[in-house]
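# 3D, please:
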Amino acid sequence: MTEPTTGQNQTDINSLSYEQAREELVGIVKRLEAGNLPLEDSLSLWERGEALADRCQGWLDGARERLDKAREESSDEEG
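As a prediction, the model looks like this:
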């Protein structure tokens, strides 16, 4: 059985790069789509998947902020 998301698992997720989190999330989606897991395992995987998706979104939001900042600085220098 897969462990439920705990503080330790969340710490593990917070240390993942975008690519690592996305790769694991893709694997979880494939396992859930296969549909041959007990309910408890499916719920645990779903929770971890949600946490991984949040991690990926955080990376994307951070990248967007950096791009916006770079654009602002670039337009300030031009003007």
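
# tell me, how many neighbours does A70 end up with?
10 (other CB atoms under 10 Å). (C-beta placed from N, C-alpha, C; glycine too.)

# what do you get for N36?
N36 has 7 neighbouring residues, counting by other CB under 10 Å.

# what's the average pLDDT for the helix or strand encompassing S74?
For S74, the host element (DSSP states H and E) is helix 39-78. Averaged across helix 39-78, pLDDT comes to 94.

# other SSEs contacting it?
helix 7-14, helix 18-34 (3 or more CB pairs under 8 Å, 6 or more residues apart in numbering; DSSP states H and E).

# For these, state which one has the densest average packing.
helix 18-34 (a mean of 14; mean count of other CB atoms under 10 Å).

# Could you give the separation of that helix from the chain centroid?
Remark: helix 18-34 is offset 10 Å from the chain centroid, using CA atoms, centre = their mean, to the nearest Å.

# With stretch 35-50 instead?
16 Å.
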